[in-house]
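In: Next one to model:
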Amino acid sequence: MKIFNKTLIIIGSTIFIFLSFLFLTSHFIILSGFQDLEERAVKRSVEQALKALSASLEELDATNEDWASWDDTYNFIEDRNRDYIDSNLVDGTFVNLRLNIILYYDSAGKLVFGKAFDHENRMEVSIPSSLLEHLTPNNLLLSHSEPGDGVRGLIILPEAPLLISSRPITRSDGSGPIRGALIMGRYLGAEELRRLAEVTNLKFEIRGLEASSIPAALLEADSQIMLQPSDDRLIIGYSLLRDIYGKPGLILTVIENREIYAQGLRTVSFFIASSLATGLLAGIMILKLLDGMILSRLSHLSQEVGNIEKLGDPSLRVHVTGEDEISSLAGRVNSMLERLELSQETIRRYSQSLEELVEEKTRELIRAERMAAAGEVSAMVAHDLKSPLQTIRNAVYMLRRRPEESESLLKLIEGAVEQAATILEDLRRDIKEIRLKATDLGALIRRALEELHPPPSISTSLKLGEGLNQVPLDASRFRRVLDNLLQNSIEAMSNGGDLTVSADASGDEVVIRISDTGRGIPEEVLDNLFEPFSTTKPGGLGLGLAYCKRTVEAHGGRITVDSRPGEGTTFTITIPRGRASTIEPPQQLGATPQGRWA
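Out: Next comes the predicted model:
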């Protein structure tokens, strides 16, 4: 990823994190502050509504107290005169005082007079029986022990909630004895609620406890006021109204628009939008400054270095401007290119000198290899001639001792001389120039054993199978392989032992095994056994087994060895048996001057 893209990602991530932090802080701090303001405002509205209800109840109670502490009322309970009713308890009184019910009880708890008024129809109606059920002799509304006593509050009736006030009936100066109780009631209906809403400029309702929208926690909470947002537009304040008995009676609900919360949302949105615009503007400015002062210069430097790398010419230089870290880097790149140019020139001179030295050493190596090859050939000739020369030496020794066997010994000498001549003739031919002829392999092996002359302490045995008379071989070269392996086996059994030679045709191959019970070959020597000059014999040249391997492989075969120190060694030769149509007729080994092969 390019530095410009990385810088863009870093700046964008920083702005995103910053805006996320601003959003969270503004949500939890600014918006929470607006929510607190909203809750306080709604609580004040609920409190204002409660005060309006309380003021209406206080007004009702004040009117009741004025009427109850009046000599005319005091006398009316005693004489029950009609003039009092006609003068005071007319429909206009109910309308002017916004009363729905007036009840007069004597001290015995008996109803002296009562009247109920329907404001909507402007007519007198019967007194609700549900109210009368509350007004028993021992009810707190009728139980006044002192002239200053009084009861006011709320009674829940099936018709409508009723604001009620009860005062003891006394003289105008407040003296007694108390002659009964005066009860005034005002329904908390739609008309009264509408009047209170106009007075308070609030939108509130009175609901029963069975309303499904009432929070259940309100009935259990100690707080008088509880708030609950309805949605993003409205918030509702609740307050529990208890009746004169102290039991939950009604729920006052005040509904207000969430203008404060909406203003908070607008404030937060404006704050976030302005912060986003500021962050983006700052990010763009920072990116522009970084691009002009750093990123573009780095990109230009990278392109110049890339062009130099592509052309492969260290003599080129990058452009250097300014005096800051980037210009210092460009200068160091130029210094590095200068040193690289010098180094390449030095390497070129060294390379030229090295090529000349390699050519000279190559010529010397070729001369040395030729000398080594000549030495190797000489050593191989000396190794291979050792066997026929030893045969001649032994035959001469026996000829001096046994002149009567001169004919057979002379034939043995002739055969050794012929073998030596064959070895010298092979020097003129490359090892790969194999002359294959159909050969009687069994006769070849038998003759090699007959001319071996092992010491008396070594016994030999030969096992020949069928199908060995038409094997394609270069007889002279393969004879040298057999002589080398047999001679090695004899030399490995200095204390005597058994030498076993077997040959058998198996399918398209002929397998020859030469086994001895000698001292064996150490394990560390086995890996390099067939390499030239690798030997375990004192004074040995280490060329015999190397010749055997090359010759067997030239015949298209392979040679392997299995040896255990102290137990003996087995060499296994495997050569192809086929190709009879491309070889010459079989050699009659028994017809040669070396007649003992037959």
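In: Which stretches in the stretch 301-450 of the chain count as strands?
Out: Taking DSSP state E, counting those that start in this stretch, the strands of the stretch 301-450 of the chain run over residues 437-439.
In: give me the low-pLDDT residue ranges for the stretch 301-450 of the chain?
Out: 361, 364-386, 423-433 (pLDDT under 70).
In: typo on my end, it should be the stretch 451-598 of the chain
Out: Low-confidence segments of the stretch 451-598 of the chain, defined by pLDDT under 70: 533-542, 578-598.
In: For it, just list every one of the strands.
Out: Taking DSSP E, counting those that start in this stretch as the criterion, the stretch 451-598 of the chain carries its strands at 458-464, 471-473, 497-506, 509-516, 558-564, 568-576.
In: and the fourth one with strand 497-506, angle?
Out: What it means is strand 509-516. 170 degrees (axes from the mean of the first three to the mean of the last three CA atoms, to 10 degrees).
In: Reformat the strands of the stretch 451-598 of the chain as TSV; add distance to Asn64.
Out: Every C-beta, even on glycine, is put in place using the N, C-alpha and C of the backbone. Shown next, in TSV, are the strands of the stretch 451-598 of the chain (distance: least, CB to CB, whole Å):
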stretch	distance to Asn64
strand 458-464	149
strand 471-473	149
strand 497-506	140
strand 509-516	140
strand 558-564	136
strand 568-576	139
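In: Tell me which of those sits most buried.
Out: Comparing the strands of the stretch 451-598 of the chain by mean neighbour count (mean count of other CB atoms under 10 Å), strand 471-473 comes out on top with a mean of 25.
In: count of residues packed around Thr63?
Out: By other CB atoms under 10 Å, the residues close to Thr63 number 19.
In: one step back: compare the strands of the stretch 451-598 of the chain and report which one is nearest to Leu295.
Out: strand 558-564 (69.9 Å; CB to CB).
In: just checking, what packs against the closest one?
Out: The contact analysis (3 or more CB pairs under 8 Å, 6 or more residues apart in numbering; DSSP states H and E) places strand 558-564 against helix 544-554, strand 568-576.
In: okay, these in JSON lines with distance to Val151 next?
Out: Listed next are those as JSON lines, based on distance: least, CB to CB, whole Å:
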{"stretch": "helix 544-554", "distance to Val151": "134"}
{"stretch": "strand 568-576", "distance to Val151": "133"}
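In: Figure out which of those is closest to Ala262.
Out: The closest of these to Ala262 is helix 544-554. By CB to CB, the value is 101.6 Å.
In: Can you name every helix or strand that that closest one contacts?
Out: When contacts are defined as 3+ CB pairs under 8 Å, 6+ apart, helix 544-554 packs onto helix 325-401, helix 475-492, strand 558-564.
In: Dump that helix to CSV, keeping only the CA atoms.
Out: Taking C-alpha atoms only, helix 544-554 is exported to CSV below (Å, rounded to 0.1, in the frame of the first residue of the first chain):
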residue,chain,number,x,y,z
GLY,A,544,40.8,-53.2,-10.3
LEU,A,545,37.2,-52.7,-9.0
ALA,A,546,36.9,-49.3,-10.8
TYR,A,547,37.8,-51.2,-14.1
CYS,A,548,35.2,-53.9,-13.2
LYS,A,549,32.5,-51.3,-12.7
ARG,A,550,33.2,-49.5,-15.9
THR,A,551,33.4,-52.7,-17.9
VAL,A,552,30.1,-54.2,-16.5
GLU,A,553,28.3,-50.9,-17.0
ALA,A,554,29.6,-50.8,-20.6
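In: How far away from the center of its chain is it?
Out: Remark: helix 544-554 is offset 62 Å from the chain centroid, using CA atoms, centre = their mean, to the nearest Å.
In: Could I get the buried residue list for it?
Out: Gly544, Leu545, Ala546, Tyr547, Cys548, Lys549, Arg550, Thr551, Val552, Ala554 (16 or more other CB atoms under 10 Å).
In: Just confirm Gln228 is within a strand.
Out: Yes - per DSSP: H, G, I helix; E, B strand; the rest coil, Gln228 lies within a strand segment.
In: so it bridges to which residues?
Out: In this entry, Gln228 is beta-bridged to Ile236, by DSSP bridges.
In: Any idea what the closest residue to Ala475 other than its chain neighbours is bridged to?
Out: Residue nearest to Ala475 in three dimensions, not counting chain neighbours: Thr439, with 5.0 Å by CB to CB, 6 or more residues apart in numbering. With DSSP bridges applied, the residues forming beta bridges to Thr439 are Val471.
In: How about Ile251?
Out: Beta-bridge partners of Ile251, counted by DSSP bridges, are Arg207, Leu240.
In: Need the pLDDT of it.
Out: Listed pLDDT for Ile251 reads 85.
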